[in-house]
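> I would like to see how this sequence folds:
(2 chains)
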Amino acid sequence: MLITGAQVLVQVLLEQQVDVIFGYPGGSVIPIYDELYKAQDRIYHCTTSHEQGAAHAADGYARVTGKAGVVVATSGPGATNLVTGIANAYLDSVPMVAITGNVACALIGRDSFQEVDITGVTMPITKHNYIVKDVNQLAATLRKAFKLAISGRPGPVLVDIPKDVQTDTVEYEPRPPVTRNNGLKADPKDIENALALIAQAERPFIYAGGGVVSSDAGQELLELAEALDCPVGTSMMGRTAMPHSHPRNLGMTGMHGAYAASKVLSMSDLIIAVGARFSDRATGNKQAYSLGHTVLHIDIDPAEIGKNIKEDCAVVGDVKHVLRQLLDKGVRRKPGDWYEQVARVQEAPDNHLHMPEEELNPQTAIRAVRARLQDDDVIATDVGQHQLWTAQYYAFEKPRTLVTSGGLGAMGFGLGAAIGACFGRGKKRTVLFTSDGSFHMNLAEMATAASNDLPLLVVLLNNQALGMVRQWQTLFYECRYSNTTLRRKTDFAALADAFGARGFRAHDLKSLNEALDQALALNTPTLIDVMIDSDAKVLPMIPPGGTINDIIMKG
Amino acid sequence: MDRDKFLLSALVANEAGVLTRVSGMFARRGYNIESLSVGETEDPQISRITIACRGDDYTQDQIVKQLRKLPDVKAVMLMDAGNTVARELMLVKVNAELATRAQIHQTVEVFRAKVVDLMPASMTIEITGEKSKLDAFVSNLVPYGILELCRTGVTAIGRNTTILTQESEEE
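Numbering: from 1, shown residues only, chains lettered A, B, ... in the order given. As a prediction, this is how the structure comes out:
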């Protein structure tokens, strides 16, 4: 039977078992939206306030489900509004399929109304992209896009469909959903070399990244840490790779990592990097970072090997499979008193910095939220100080429960991402930690949360400033607070009410606890404006390009 | 040949935009291209790109790996300098007055080049060879006055059984 290109798109989405997509209609995608209208009982389309929010929603959805998130936008401005969202997914290796409409083929290249070369624009921020100018290629291209998005190291793929291709007709044959291709099997020789390298080590340290989460290798990671009797530190993307409460989890390493994680890493003789890419935020000074250690790098992406840190041994392959093979082959290290040394660092006072417990501050606020949530509730964040405080203080116990913009560090990510995550978890309770700066960027998505009756709690840590930049200005720019003291007049609680959500305000711990109890009792979007000190800092901090010796412990 | 110069060959999908993807990857990661040549292979769906680059071992390693990540790139090979035939084609138009014409002809013969167009005041010469030979040829022509010059960039093929195929990449 002949069907239109727009129908092919909907059929392929159904084939791929997509039941929620995010997007925004427009002139060049009307045929697609016409078919989505007819398929609305099978595919729910969440209409956001802005395409950027839709892209972040698809990203948040993908992070909690592991499936490709799908976003649809029209040509021109619709497509360019996706750009930050696509770049964000690219930097954090999140599977996403972005569908854009374009002007009809005959109008392409003539600077037509709402025409943008979106494949050109997104080339550096997608795993791959396509413009489909022949409806006969449409189904196959869409399937390739899904396959590519979820395979190997996941990432975003964009498919641009000119309007005439959406209305042209073609024979369509259904196919089973695409499956993930794990890439090449790890070379047995590399596995042997890795075993030999570990066997020579006395003080191994596992540095776990987002790859552990995306390949669902949490169990294997735990077993490796047990088998080697060794500590684990994570990147921010790997924050949920291991339960927070696990005694071997020292927390985050890097610029705002836990003292013990950074200190123990510097004492180790072997760094085992698992699904991590040695970002500059995780390593600090790269020369000093590698000094005195050998490095074993395990990653699915061959191009990450040796890119940021020179390895002594590498195993390329799916992290879960590689770790399982190491375990099956009886991986062992040299005996010694490594764990006693680690334990001494863990007990050191520097590893137990607390903000005062009786007052309202970022740490007590985050703990008050945590005390009311389940281990599998999803936490999203925006970008800045609140993000790091959340990563430091929130006790994440289950994988895929933290949705945060790691690589791109995109302020404005949080609200859209939280909406997508909430859909991904079947509209279960989701919490967004944000701040006055980040929230202001994309707050229009409160309308999306409200119109979908999402049980989304927004905890807005309000310091009246762009806190992270302010912190750098305090520490490195002699307190010249250029354009970071916001002094906005926005009444966030009233704003939430105006959007059809419920707003609360907390100025001390007592009012925060009351607001949390009330907000969490409601099954609708809520926002709590939490007043905190403008000068609260994210600590410890290793200055950019610094080492553990430069660590700043006190504000 | 400088130690930090190297030649890469890649088989890529013969489709619109592929060259942009390849050159864009070089640009955004800050790798230098000295020359790039591209053309269809015996299989019309596949083109072969030869890229002359400059960079240390780290850059070389990264370029190969990043190229392999592009879905349109089917195979990549670092060409072994001692085991590769590398050639470049150049067309050069020089002033050729009666007085100098014979001398230019001599140079053409020495370099085994070919005169492909002859006009009363100028001469167009075609020459093929390694980059160094072409460079030497150019410096010999400079005194006569070069009017126009174009080079294709290096193209290269492995000697003997060194063959770049899509299969060799997949192992």
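
> so how far is residue B:19 from whatever residue of the stretch 201-350 of chain A ends up closest to chain B?
Proximity of the stretch 201-350 of chain A to chain B (Cβ to the nearest Cβ) peaks at residue A:303, 3.8 Å away. Any C-beta I mention is one placed from the backbone N, CA and C, and that applies to glycine too. As judged by Cβ to Cβ, to the nearest Å, residue A:303 and residue B:19 stand 20 Å apart.

> what residues does the residue nearest the centre of chain A make contact with?
The centroid of chain A falls nearest to residue A:404 when counting by Cα atoms, centre = their mean (4.0 Å). Residue A:404 is in contact with A:236-237, A:239, A:380-381, A:383, A:387, A:390-391, A:413, counting by Cβ atoms under 8 Å, 6 or more residues apart in numbering or on different chains.

> and these, which is closest to chain B?
Distances from chain B to the contacts of residue A:404, taken by Cβ to the nearest Cβ, are shortest for residue A:237, at 19.2 Å.

> list the buried ones in stretch A:483-490?
For stretch A:483-490, a neighbour-count test (16 or more other Cβ atoms under 10 Å in any protein chain shown) marks A:484, A:486 as buried.

> checking residue B:74 next. Helix, strand or coil?
For residue B:74, the assignment made with DSSP: H, G, I helix; E, B strand; the rest coil gives strand.

> got a pLDDT number for it?
pLDDT for residue B:74: 96.

> pop the domain breakdown of chain A in here.
Per the record, chain A has its domains at A:2-171, A:188-351, A:362-531, by automatic domain parsing.

> please list the residues of chain B that sit near chain A.
B:17, B:20-21, B:24, B:28, B:58, B:61-62, B:65-66, B:68-72 (Cβ under 8 Å from any Cβ of the partner chain).

> next, give phi and psi for the most centrally placed residue in chain B.
Taking Cα atoms, centre = their mean as the criterion, residue B:154 is the residue nearest the geometric centre of chain B, at 1.2 Å. Backbone torsions of residue B:154, given as degrees, to the nearest 10, read phi -70, psi 140.

> my guess is it meets residue B:90, correct?
No - taking Cβ atoms under 8 Å as the definition, residue B:154 is not a contact partner of residue B:90, at 11.1 Å.

> what's the closest non-adjacent residue to the residue in chain B that chain A sits nearest to?
Closest residue of chain B to chain A, Cβ to the nearest Cβ: residue B:65 (3.8 Å). Once flanking residues are discounted, residue B:65 sits nearest to residue A:303: 3.8 Å by Cβ to Cβ, 6 or more residues apart in numbering or on different chains.

> my guess is the one you found meets residue B:68, correct?
Yes - using Cβ under 8 Å, residue A:303 makes contact with residue B:68 at a distance of 7.5 Å.

> who's in contact with residue A:23?
Residue A:23 touches A:29, A:45-48, A:51, A:54, A:71-73, A:99, counting by Cβ under 8 Å, 6+ apart.

> and with 10 Å instead?
Contact partners of residue A:23, counting by Cβ atoms under 10 Å, 6 or more residues apart in numbering or on different chains, are A:29, A:32-33, A:36, A:45-48, A:51, A:54-55, A:57-58, A:70-74, A:78, A:82, A:98-100.

> what's opposite it in the beta bridge?
residue A:47, residue A:72 (DSSP bridges).

> quick one, grab the pLDDT at it.
pLDDT at residue A:23 comes out at 98.

> what distance do you get for it to chain B?
Applying Cβ to the nearest Cβ, to the nearest Å, the value for residue A:23 to chain B is 25 Å.

> surely the residue nearest to residue B:65 meets residue B:69?
Yes - between residue A:303 and residue B:69 there is a contact at 5.5 Å, judged by Cβ atoms under 10 Å.

> between the two, what contacts are shared?
Contacts common to residue A:303 and residue B:69, judged by Cβ under 10 Å, 6+ apart, are residue A:153.

> now do the helices in the stretch 451-555 of chain A.
Remark: helices assigned in the stretch 451-555 of chain A by DSSP state H, counting those that start in this stretch are A:467-476, A:492-498, A:509-521.

> can you lay out these as JSON lines showing distance to residue B:4?
JSON lines is the format used below for the helices of the stretch 451-555 of chain A (distance: least, Cβ to Cβ, whole Å):
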{"stretch": "helix A:467-476", "distance to residue B:4": "36"}
{"stretch": "helix A:492-498", "distance to residue B:4": "56"}
{"stretch": "helix A:509-521", "distance to residue B:4": "60"}
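
> for chain B, which residues score under the pLDDT cut-off?
Within chain B, the stretches with pLDDT under 70 are B:1-2, B:167-171.

> one more time with 90
Along chain B, segments meeting pLDDT under 90 span B:1-4, B:16, B:81-82, B:160-163, B:165-171.

> do you know the pLDDT at residue A:182?
The model reports residue A:182 with a pLDDT of 84.

> my guess is it contacts residue A:320. True?
Yes - under the criterion of Cβ under 10 Å, residue A:182 makes contact with residue A:320 at 8.6 Å.

> tell me, what's touching these two both at once?
A:215, A:300.

> quick one: which of these two has more around it?
residue A:320 (21 against 16; other Cβ atoms under 10 Å in any protein chain shown).

> residues near the nearest residue to residue A:483 once chain neighbours are set aside, how many?
Distance criterion Cβ to Cβ, 6+ apart; nearest residue to residue A:483, sequence neighbours excluded, is residue A:466 at 7.8 Å. As a burial measure, residue A:466 scores 22 neighbours (other Cβ under 10 Å).

> equivalent analysis for residue B:26, please.
17.

> appreciated, that's everything.
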